[in-house]
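Q: The following comprises the amino acid sequence and a computationally predicted model.
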Amino acid sequence: MGKLTSYDQILLAYYVYNFIVENKEEALQQLNYTAQDRLPGFDKTIEKLLDEGWMSNNNENLGITNEGILHIDSILHIQSYATERNKLSYVKDSLLINEIELSSPTLKEYIYKHVGIEN
């Protein structure tokens with residue numbers, strides 16, 4: 001069973017958001033509420049992710065960078081040939097097959113909901 005760091009869990013939530021197709025605005029509101037309003041140390045974590053170049057902050061909108069996407073792809077063993085529209089199914093499969101544990105219940109709920117894992 002693998003365990004992701006708090007940095008990787010937040011980055012994974014933004015990764016999932018990046019590949020959501022339907023109800024994107026609603027998903028962003030949920031992510032903002034989940035991450036910014038309910039996670040202790042969120043600002044410090046985001047600062048580190050920004051410093052690493054894994055996230056960007058354009059016009060006050062946080063987002064994952066290409067480097068951040070590659071980092072998550074590497075952690076979850078998502079192959080480079082995975083198409084954008086299939087990324088969420090690869091995340092789902094990787095989380096289930098590798099039994100990756102998410103320690104933050106709010107991030108776990110958000111990620112599981114959007115990749116199709118029933119809690």
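A: Received it, and whenever you're ready, just let me know what you need.
Q: dump the residue contacts of residue 79.
A: The neighbours of residue 79, taking C-beta atoms under 8 Å, 6 or more residues apart in numbering as the test, are 73, 90. Every C-beta, even on glycine, is put in place using the N, C-alpha and C of the backbone.
Q: wait, residue 114
A: Residue 114 makes contacts with 16-17, 20, 27, 88, as judged by C-beta under 8 Å, 6+ apart.
Q: Quickly find the element holding it.
A: For residue 114, the element it lies in under DSSP states H and E is helix 105-115.
Q: what comes up buried for that helix?
A: Buried residues in helix 105-115, counted by 16 or more other C-beta atoms under 10 Å: 106-108, 110-112, 114-115.
Q: Scan the contacts of residue 114 and report the most crowded one.
A: residue 16 (24 neighbours; other C-beta atoms under 10 Å).
Q: Could you list every helix and strand in contact with the strand or helix carrying it?
A: Under the criterion of DSSP H and E, residue 16 resides in helix 6-19. For helix 6-19, the packing partners by 3 or more C-beta pairs under 8 Å, 6 or more residues apart in numbering; DSSP states H and E come out as helix 24-36, helix 42-52, strand 61-64, helix 66-75, helix 87-97, helix 105-115.
Q: again, only using 10 Å
A: Under the contact criterion of 3 or more C-beta pairs under 10 Å, 6 or more residues apart in numbering; DSSP states H and E, helix 6-19 touches helix 24-36, helix 42-52, strand 55-58, strand 61-64, helix 66-75, helix 87-97, helix 105-115.
Q: Please render those as TSV that adds distance to residue 2 to the earlier fields.
A: Output for the helices and strands packed on helix 6-19, formatted as TSV (distance: least, C-beta to C-beta, whole Å):
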stretch	distance to residue 2
helix 24-36	21
helix 42-52	19
strand 55-58	22
strand 61-64	20
helix 66-75	9
helix 87-97	9
helix 105-115	14
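Q: And these: which comes nearest residue 7?
A: The closest of the helices and strands packed on helix 6-19 to residue 7 is helix 42-52. By C-beta to C-beta, the value is 5.7 Å.
Q: If you average the pLDDT over the closest one, what comes out?
A: For helix 42-52, mean pLDDT is 93.
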